[in-house]
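Enquirer: just a sequence and a predicted model for now, questions to come.
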Amino acid sequence: MPTSGMHYAPTHKPNPVVKSGEFIFAAIGLDHGHIGGMCNGLIEAGATLKWIYDPDPKKLERYLAMYPTAKAARSEEEVMEDVSVALVASANIASERCPLGLRAMAAGKDYFTDKAPLTTLEQLEDAKAMVNKTGKKYAVYYSERLHVESAVFAGQLIQEGAIGKVIQTIGMGPHRANPDTRPSWFFNREEYGGILCDIGSHQIEQFLFYTGAKDAEILSAQIENYNHANYPGLDDFGDCTLKGDNGTSGYFRVDWFTPDGLCTWGDGRTFILGTEGYIELRKYVDIARSNRGGHLYLANHKTEQYIDVEGKVGHPYFGQLILDCLNRTENAMTQERAFKAAELCVKAQMRAEAVKGIVRV
């Protein structure tokens, strides 16, 4: 397990849904290490990575070494002009993700971006307009659910009715800051979007998914910089309370306070309360007991049990996304939910900034 969430890139046994060369994609923008997880998931599902591009030669060299069958593109335009490329994947600077997505969709490509997929409501409207105009997909790598086996299995249990109707989620998303190794944009609120927009986006997507809410109201939100005075643009703590349009409730806390003594970058947990039981996920570690992830605890009217799902569930999202792109379906994630999670995380950040008296320029 990496010590920084920025380089979280899970691997799993290949489970291809297409033959080699049947679905070709490119990676543009290597600013966040999540691009590795995105590429790994697509390749394991059978996709072919043809091109990699970033204006920084050091980043380009690193990822070409990771994916030696891919080629270095000379420019973004070279990728966009290649008609064989079906999808562009990117983990560039958060504020630049939407503009790249607009260019990719205009060039006839589906788009797969790291979270947060955008940083302003204006970008959201631009993305929606381009999706409507082109019919292309604006998919989002909400990795804390999509690339975590315990989170995937929790969804399956809920679908089977294991805990009845879900009425609340509580999420905790701590991360290790590692400020000395972070790029400058990580500390600029206008570029990374703020903590609730950034890592809070994982939590909001999970709330929508597990509760089945189509929309939600931000009841409260706050941000602080408690311990990083040298980085005034950084929110190192944030939390938020939501009310779903179906009556469900959600609360989450995100922070950059993972202590150095913990064996991984963050003790991410999710609690899901249902009318007939509850589920707890210990996603990346079971502190002082196990230094790996995949821990799920279930209690309902029939049982209480611990389930180890590590290496047993897989990550079906990537194969579903490939088939959605080929068949123009929406089995991996609806465009509506991908955009709704993005909208709510921006609104949560804006509300928190207003409470704190921050004025966006």
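Expert: Cool, got the structure.

Enquirer: got the end-to-end distance for stretch 261-274?
Expert: One end of stretch 261-274 to the other measures 34 Å (C-alpha to C-alpha, to the nearest Å).

Enquirer: centroid residue for this structure?
Expert: To find the centre residue of the chain, average its C-alpha atoms and take the closest one (C-alpha atoms, centre = their mean): that gives Tyr142, at 2.1 Å.

Enquirer: identify the residues contacting Pro179.
Expert: 187, 228, 230-231, 234 (C-beta atoms under 8 Å, 6 or more residues apart in numbering). Backbone N, C-alpha and C define where each C-beta goes, glycine included.

Enquirer: at 10 Å instead, please
Expert: When the contact criterion is C-beta atoms under 10 Å, 6 or more residues apart in numbering, the partners of Pro179 are 186-187, 228, 230-231, 234, 236, 256.

Enquirer: Ile28: which of these is nearest?
Expert: Sorting the contacts of Pro179 by distance to Ile28 puts Phe186 at the head of the list, at 19.6 Å, by C-beta to C-beta.

Enquirer: and that closest one, how many neighbours?
Expert: 22 (other C-beta atoms under 10 Å).

Enquirer: and the helices in the stretch 201-350 of the chain, which stretches?
Expert: Counting by DSSP state H, counting those that start in this stretch, the stretch 201-350 of the chain forms helices over residues 317-327, 335-356, given from the N-terminal end onward.

Enquirer: hang on, the earlier thing: how close does the residue nearest to the centre of the chain sit to Cys345?
Expert: For Tyr142, the distance to Cys345 (C-beta to C-beta, to the nearest Å) stands at 10 Å.

Enquirer: could you do Asp286 as well?
Expert: Taking C-beta to C-beta as the measure, Asp286 and Cys345 are separated by 28 Å.

Enquirer: which neighbours do Tyr142 and Cys345 share?
Expert: With contacts defined as C-beta under 10 Å, 6+ apart, the residues shared by Tyr142 and Cys345 are 115-117, 201-205.

Enquirer: quick one on the thing from earlier: return the subset of the contacts of Pro179 lying in strands.
Expert: Using DSSP state E, no member of those falls in strands.

Enquirer: now, of those, which are buried?
Expert: 186-187, 228, 231, 234, 236, 256 (16 or more other C-beta atoms under 10 Å).

Enquirer: shaky segments in the stretch 1-150 of the chain?
Expert: Low-confidence segments of the stretch 1-150 of the chain (pLDDT under 70): 1-12.

Enquirer: which one of the helices of the stretch 201-350 of the chain lies closest to Ile35?
Expert: Put simply, out of the helices of the stretch 201-350 of the chain the one that sits nearest Ile35 is helix 317-327, at 13.7 Å, with distance taken as C-beta to C-beta.

Enquirer: C-alpha coordinates for that closest one, PDB please?
Expert: Taking Å, rounded to 0.1, in the frame of the first residue of the first chain, the C-alpha atoms of helix 317-327 are listed here in PDB:
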ATOM      1  CA  TYR A 317     -16.600  -0.600 -13.200                       C
ATOM      2  CA  PHE A 318     -13.900  -0.600 -15.800                       C
ATOM      3  CA  GLY A 319     -15.300  -3.400 -17.900                       C
ATOM      4  CA  GLN A 320     -18.700  -1.900 -17.600                       C
ATOM      5  CA  LEU A 321     -17.300   1.500 -18.700                       C
ATOM      6  CA  ILE A 322     -15.700   0.000 -21.800                       C
ATOM      7  CA  LEU A 323     -18.900  -1.800 -22.800                       C
ATOM      8  CA  ASP A 324     -20.900   1.400 -22.100                       C
ATOM      9  CA  CYS A 325     -18.600   3.300 -24.500                       C
ATOM     10  CA  LEU A 326     -19.000   0.600 -27.200                       C
ATOM     11  CA  ASN A 327     -22.700   0.100 -26.700                       C
END
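
Enquirer: just the mean pLDDT for it, thanks.
Expert: Average pLDDT, helix 317-327: 98.
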